[in-house]
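Q: coordinates for the following, if possible.
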Amino acid sequence: MLNITKTFPPSALIHGMADDGVPIAGSDEWKATLDSLGVPNVLSRVPGAGHGFEVGAENTAGSEMWEKYLRVPVDFFITALKA
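A: Have a look, this model is predicted:
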């Protein structure tokens, strides 16, 4: 992956598993590269979600999507920004 070095910032990846525009393999590769360099990261795979998580999807705080798939990356960022 281009431009990823040990100094790359902490990264949260969120990918819809039904994305027909961007294969999830790209996020898997990105995460593997970050892991190999020791860059803090998290990948959240959202079952049934397409590219952009569909406008109008219930993805606000407290919703099932939020609790199962979005809380982890958001909490990760909050922790990384405080470090």
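
Q: what is the end-to-end distance of stretch 66-73?
A: With CA to CA, to the nearest Å as the measure, stretch 66-73 spans 10 Å from end to end.

Q: over to stretch 51-71?
A: So stretch 51-71: terminal residues 19 Å apart, CA to CA.

Q: where exactly do the strands run in the chain?
A: 11-16, 41-46 (DSSP state E).

Q: need those in JSON lines with distance to residue 32 and mean neighbour count, can you?
A: C-beta: built from backbone N, CA, C; applies to glycine. What follows is these, written out as JSON lines (distance: least, CB to CB, whole Å; neighbours: other CB atoms under 10 Å):
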{"stretch": "strand 11-16", "distance to residue 32": "11", "mean neighbour count": "19"}
{"stretch": "strand 41-46", "distance to residue 32": "10", "mean neighbour count": "18"}
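
Q: which stretches of the chain have low pLDDT?
A: Residue ranges of the chain with pLDDT under 70: 1, 53-62.

Q: need the strands of the chain in JSON lines with distance to residue 82, can you?
A: Formatted as JSON lines, these follow (distance: least, CB to CB, whole Å):
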{"stretch": "strand 11-16", "distance to residue 82": "14"}
{"stretch": "strand 41-46", "distance to residue 82": "15"}
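
Q: nearest residue to the middle of this structure?
A: residue 13 (1.8 Å; CA atoms, centre = their mean).

Q: now the spatially closest residue to it that is not a sequence neighbour: how far from residue 76?
A: Of all residues not flanking residue 13 in the chain, residue 43 sits nearest, at 4.4 Å (CB to CB, 6 or more residues apart in numbering). Separation of residue 43 from residue 76 (CB to CB, to the nearest Å): 10 Å.

Q: got the contact list for residue 22?
A: 15, 51 (CB atoms under 8 Å, 6 or more residues apart in numbering).

Q: could you pull up phi and psi at it?
A: The phi and psi torsions at residue 22 (degrees, to the nearest 10) take the values phi -130, psi 110.
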